[in-house]
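Q: Please work out how this folds:
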Amino acid sequence: MKNKWIWIKNILIPVILGSVVGLIVSRFMDYNTLEKPFLSPPGFLFGIVWTILYILMGISYGILDKNNLINNKIKSIYYLQLAVNLIWPILFFVFKIRFFSIIWIIILVILVIYMITTFYKKNKLSAYLQIPYLLWTIFATYLNIGIYLLNR
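A: Here you go, the predicted structure:
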């Protein structure tokens with residue numbers, strides 16, 4: 001039962017928090033009215049992608065948790081990057097401070113890279129599961145910069 005609880009809590013925490021932020025942000029969403037850069041996906045795709053990424057994030061952290069590999073450094077970087085991640089859409093969509101959102105998402109990319117390298121030292125699979133998250137966050141940085149430049 002303990003192993004099952006590890007997986008449930010580690011997957012549900014990012015999914016639930018991401019869903020709550022998604023609900024908050026949805027009231028302020030202006031994505032469809034913005035000029036967007038080349039390769040911008042349709043708005044409905046973001047919820048699907050983020051759900052998958054949050055599940056992968058939880059599985060990755062769960063692997064470390066299941067194997068008793070979590071220390072204060074891992075816990076700190078994981079929850080710090082998650083908090084920075086969850087604040088970004090609020091900055092971008094609710095407060096519409098898009099230039100500052102660029103800086104914020106670059107900080108997130110750096111934190112994700114640091115998290116991956118920290119996880120890699122403990123469990124390679126746990127680190128590899130975070131690579132789609134890093135790639136999507138880099139892509140989101142491109143979108144953030146493009147939207148800022150096209151809509152100022």
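Q: how many other residues sit next to Asn72?
A: Asn72: 7 surrounding residues under other C-beta atoms under 10 Å. (C-beta placed from N, C-alpha, C; glycine too.)
Q: Give me the most central residue, the chain.
A: With distances taken as C-alpha atoms, centre = their mean, Asn85 lies nearest the centre of the chain, 4.6 Å away.
Q: just for the protein, where's the confidence low?
A: Segments of the chain classed as low confidence (criterion: pLDDT under 70) are 1-2.
Q: For Val112, which non-adjacent residue is closest in space?
A: Leu134 (4.9 Å; C-beta to C-beta, 6 or more residues apart in numbering).
Q: looking at it, that neighbour is touching Val109, isn't it?
A: Yes. With contact defined as C-beta atoms under 8 Å, Leu134 reaches Val109; the gap is 7.2 Å.
Q: Which residue comes closest to Asn10 once chain neighbours are left out?
A: Gly62 (3.7 Å).
Q: What's the local residue count around Phe95?
A: Phe95: 11 neighbours (other C-beta under 10 Å).
Q: can you tell me how far it sits from Ile77?
A: 26 Å (C-beta to C-beta, to the nearest Å).
Q: Then Pro132?
A: 18 Å.
Q: Could you do Gly22 as well?
A: 23 Å.
Q: Over to Pro14?
A: From Pro14 to Ile77 the distance is 14 Å (C-beta to C-beta).
Q: Which one's more surrounded, the two?
A: Pro14 (24 against 18).
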